[in-house]
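Trainee: coordinates for the following, if possible.
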Amino acid sequence: MAQLIGLFRLGADAELRYLPNGDAVCNLRMVYNYGKKGDDGYKPSQWVEGSLWGKLAEALTPYLLKGKQIVAHVGDVHITSYKNKDGVDIPKLT
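Mentor: Numbers count the residues shown, from 1 in each chain. Purely as a prediction, here's the structure:
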């Protein structure tokens, strides 16, 4: 099972929702920077989606705001892709 542990920056405020059985789920959109800076002065980055469950989700959601840096452990990583506005396939970890 692939895992990713590191320093992430939140790309949006955390979203808290409840499942029909009452369980709380907090969805996170994070970006992970890696490698060396390129000629443009920026490090390459990878978008990652994650989630928190239960009481942890309810307790942390108010503090997980866009732009904040967090340390996260993402287990069971899956790679998917999406097309950006220019029609280019971009890989995304979920």
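
Trainee: what does residue 58 show for phi and psi?
Mentor: Here is the backbone geometry of residue 58 (degrees, to the nearest 10): phi -60, psi -40.

Trainee: just checking, it touches residue 14?
Mentor: No. Look at residue 58 against residue 14 with CB atoms under 8 Å: they stay out of range, at 10.8 Å. No exception for glycine: its C-beta is placed from N, CA and C like everyone else's.

Trainee: between those two, what contacts are shared?
Mentor: Counting by CB atoms under 8 Å, 6 or more residues apart in numbering, the contacts common to residue 58 and residue 14 are residue 26.

Trainee: those two: who's more crowded?
Mentor: Per other CB atoms under 10 Å, whichever of residue 58 and residue 14 has more neighbours is residue 14, with 23 against 15.

Trainee: surely the more buried one meets residue 26?
Mentor: Yes. Under the criterion of CB under 8 Å, residue 14 makes contact with residue 26 at 5.1 Å.

Trainee: with adjacent residues omitted, what lies nearest to residue 83?
Mentor: In space, and not counting its chain neighbours, residue 83 is closest to residue 89: 6.0 Å by CB to CB, 6 or more residues apart in numbering.
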